[in-house]
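J.: kindly return the folded structure for what I paste below:
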Amino acid sequence: MKLVDLFAGCGGMSLGFQNAGFDIVAAYDNWQPAIDIYRQNFNHPIHKRDLAVEDIADELKALAPDIIIGGPPCQDFSIAGKLNLIGNRANLTRIYSHFIAEVRPQWFVMENVYTIERSPIFTEALETFKNAGYGITKHVWDASYMGVPQMRKRYFVIGCLGKEDGFMLQLLLDGLNKERMTIRKYFGGNFDSEFIYQHPRNYKRRGIFSIDEPCSTIRSVNRPIPSNYTIHPADKTSDLSKVRPLTTKERSYMQTFPESFKFVGNHSAIEQAIGNAVPVKMAEYIGSKIKEYVSTLNRDIQKIVN
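T.: As a prediction, this is how the structure comes out:
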């Protein structure tokens, strides 16, 4: 299946779907540091376009993709920042839906933060998808049940032309792991600390995690343990001598990028690109289930023909 990735970032979604067997013909983004990283890791082109102002519908039609995937930038929807449900970044969700409605690939996948459901722009986007003839499967997923050693919740909207709503929800649910992926299990025991520090959004949250659990959501900031850090009741140890922060490379591993994935650019841009990415194995899980659904449909059609 030919695939185009809009708002591709540094390539977490692309790599996951590529691993699931999709043929990526093009990607698009507007942030140069992410584009630079993407180009280091993929053979297909990534185009720099400001999709907020550039209409690329004809360009997309010429590519004739079977599926368009994308994660419109979500800062306006994110609880990590100041929630703005109708802001400029939120408007990119509307733009994404209009591209889908105009190009009308057989499939689309839109990814975002779970708070997107509260946005009137998201409601409008769903109406656009429905009016274009798509059946919708939408759900909040926890990446740690998809082989990712991270408690990251993301909202996925999967659309397929001519299908009923909820058409593949059960297939997605049935394939989930029964237990969360832990850091220890993911690294195969090859991790040199029993505890890690992740800077919390606020000090009402804990910052110290055991490697016998997933880490918390990888964000765009990576800070050392503050000298005045106060132990939180939920922290997994009170002995700070046993705790260390994740390295930049380890943060990419928590996003399930492989060791071979190359990150280029300045340190802060790399950290941001990693934090903004969709976990590779999460995208791969979604992609593999779409492939499974299509294969089942094709087998059923072949039985009818025969």
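
J.: the stretch 1-150 of the chain: helices as residue ranges?
T.: Applying DSSP state H, counting those that start in this stretch to the stretch 1-150 of the chain gives helices spanning 12-19, 32-41, 57-63, 88-103, 120-131.

J.: give me the distance between the third one and the centre of its chain.
T.: Relative to the chain's own centre, helix 57-63 is displaced by 24 Å; criterion: Cα atoms, centre = their mean, to the nearest Å.

J.: could you give me the buried positions within that helix?
T.: Residues residue 60 are the ones in helix 57-63 that count as buried (16 or more other Cβ atoms under 10 Å). For glycine as for every other residue, the C-beta is placed from the backbone atoms N, C-alpha and C.

J.: let's number from 37 now, not from 1
T.: Got it, first residue is 37 now, which makes that one helix 93-99.

J.: which neighbouring elements make contact with it?
T.: Secondary-structure packing of helix 93-99 (3 or more Cβ pairs under 8 Å, 6 or more residues apart in numbering; DSSP states H and E): strand 38-42, helix 124-139.

J.: now do the first one
T.: Helices and strands in packing contact with helix 48-55 are listed as strand 38-42, strand 59-65, strand 103-106, helix 316-341; criterion 3+ Cβ pairs under 8 Å, 6+ apart.

J.: do that again at 6 Å, thanks
T.: strand 38-42, strand 59-65, helix 316-341 (3 or more Cβ pairs under 6 Å, 6 or more residues apart in numbering; DSSP states H and E).

J.: okay, the angle between the last one and strand 38-42?
T.: So the one you mean is helix 316-341. 150 degrees (axes from the mean of the first three to the mean of the last three Cα atoms, to 10 degrees).

J.: which strands or helices does helix 316-341 pack on?
T.: Secondary-structure packing of helix 316-341 (3+ Cβ pairs under 6 Å, 6+ apart): helix 48-55, helix 205-210.

J.: I'd like the distance from it to the chain centre, please.
T.: 20 Å.

J.: ok, back up a step: to residue 313, which of the helices of the stretch 37-186 of the chain lies closest?
T.: In this view, those are compared for proximity to residue 313 by Cβ to Cβ, and helix 48-55 is the closest at 3.5 Å.

J.: contacts for the closest one, please.
T.: 39, 41, 44, 60, 63, 105, 313-314, 316, 319-320, 323 (Cβ atoms under 6 Å, 6 or more residues apart in numbering).

J.: closest one to residue 295 out of those residues, please.
T.: residue 316 (12.1 Å).

J.: highest average neighbour count across the helices and strands packed on helix 48-55?
T.: strand 38-42 (a mean of 25; mean count of other Cβ atoms under 10 Å).
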